[in-house]
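> model this:
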Amino acid sequence: MKVADYIKKAERIAPLSNEMPGTAFADFYEHHRRRIGDILLALKEGDTKMQGFILRAGMMPPGDSVIDEGIKHFCRIPYRTVDGPIASCPGALRNWKGCPPHAPAAVKTIDLLSKARSFLIVQLEGSESVTRQSHVHPFIARATKALREREYAVLETYASGPCRVCPRGCGEDQECRQPDWRLFALEACGFWVNSLCKKAAEFPILEDGPQEVRWINDWGLATQDTESVRYVTGILIG
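Purely as a prediction, here's the structure:
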């Protein structure tokens, strides 16, 4: 299947629920968006490695997620980078334990979504020649810690791209070395990230909500913008 065909197929997948946002989500959004936005901004301002990133965030009803087991196949599709085309996600190629087939089945994630109150989508944009994906994972981990310290019930945290908890990777190991700290990517769990960004943009918690992810739309195609990157992460709140 061609890259463009994968994209068209994913765009046709329906969300888990087409219902209007419920009162529980609306109440949570109204009462907590400013507080959570302030937490994220303070973390970014206090981290020199994050200064090159543009921070965007929004919330979405968990049931509006587009998630499917087949989306995990995107982890093995060739795509372009600022350094040129690569065969697929390095983590999937090297058998890292934060990537498919080690990521949880979509049905398990769907069950978790049913228990959540809000899905916080955090997007970090920058230039791939300056900002690094490896900086995003520690940031979202610190955000999770800060939310828990303020008594938010974090059910799960999702990163962007292969897990960077262990800098040298884990392909040579049979099991994850740090299972309590491992961060699965949204795509690795079957989420259609572009849909998450669109939904969360409807409920921004900073001035701008998450924006469309161009490199997913044009993955591997000549129109893909390989210089500007938008790393998308998520925190599921109960």
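> Can you give me the buried ones in the strand or helix carrying Leu43?
Under the criterion of DSSP states H and E, Leu43 resides in helix 23-45. By neighbour count with 16 or more other CB atoms under 10 Å, helix 23-45 contains the buried residues 25, 28-29, 32-33, 36-37, 39-40, 43-44. Glycine gets a C-beta too; all of them are placed from N, C-alpha and C.
> buried sites along stretch 101-111?
Under 16+ other CB under 10 Å, the buried positions of stretch 101-111 are 102-103, 106, 109-110.
> thinking again about what came up before, could you let me know which of the buried residues of helix 23-45 ends up closest to Val193?
Minimum separation from Val193 among the buried residues of helix 23-45 (CB to CB) is found for Leu40, which lies at 18.5 Å.
> Look at the nearest residue to the closest one once chain neighbours are set aside and give its secondary structure.
Excluding the flanking residues, the one nearest Leu40 by CB to CB, 6 or more residues apart in numbering is Ala57, at 5.7 Å. Ala57 carries the three-state label strand when classified by DSSP: H, G, I helix; E, B strand; the rest coil.
> Do me a favour and average the pLDDT over stretch 127-139.
Averaged across stretch 127-139, pLDDT comes to 81.
> nope, stretch 36-53 is what I meant
On average, stretch 36-53 scores 93.
> Extract the CA atoms of it and return them as PDB.
The C-alpha trace of stretch 36-53 is given here as PDB (Å, rounded to 0.1, in the frame of the first residue of the first chain):
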ATOM      1  CA  ILE A  36      -3.100  23.400  33.600                       C
ATOM      2  CA  GLY A  37      -2.000  26.000  31.000                       C
ATOM      3  CA  ASP A  38      -0.100  27.900  33.700                       C
ATOM      4  CA  ILE A  39       1.600  24.600  34.800                       C
ATOM      5  CA  LEU A  40       2.800  23.900  31.200                       C
ATOM      6  CA  LEU A  41       4.000  27.500  30.600                       C
ATOM      7  CA  ALA A  42       6.000  27.500  33.900                       C
ATOM      8  CA  LEU A  43       7.700  24.200  33.000                       C
ATOM      9  CA  LYS A  44       8.600  25.400  29.600                       C
ATOM     10  CA  GLU A  45      10.000  28.800  30.800                       C
ATOM     11  CA  GLY A  46      12.100  27.000  33.400                       C
ATOM     12  CA  ASP A  47      13.800  24.700  30.900                       C
ATOM     13  CA  THR A  48      16.500  26.100  28.600                       C
ATOM     14  CA  LYS A  49      16.300  23.100  26.300                       C
ATOM     15  CA  MET A  50      12.600  24.000  25.500                       C
ATOM     16  CA  GLN A  51      13.200  27.600  24.600                       C
ATOM     17  CA  GLY A  52      13.300  26.900  20.900                       C
ATOM     18  CA  PHE A  53       9.800  25.300  20.900                       C
END
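> From the rest of the structure, what touches it?
55, 57, 120, 122, 124-127, 130-132, 135, 139, 142-143, 146-147, 150, 152, 205-206 (CB atoms under 8 Å, 6 or more residues apart in numbering).
> how about 7 Å then?
55, 57, 120, 122, 124-126, 130-131, 135, 139, 142-143, 146-147, 205-206 (CB atoms under 7 Å, 6 or more residues apart in numbering).
> if we can go back for a sec, any idea how far Leu236 is from the residue nearest to Leu40?
As judged by CB to CB, to the nearest Å, Ala57 and Leu236 stand 14 Å apart.
> okay, the two: which has more neighbours?
A side-by-side neighbour count of Ala57 and Leu236, using other CB atoms under 10 Å, places Ala57 first with 26 against 21.
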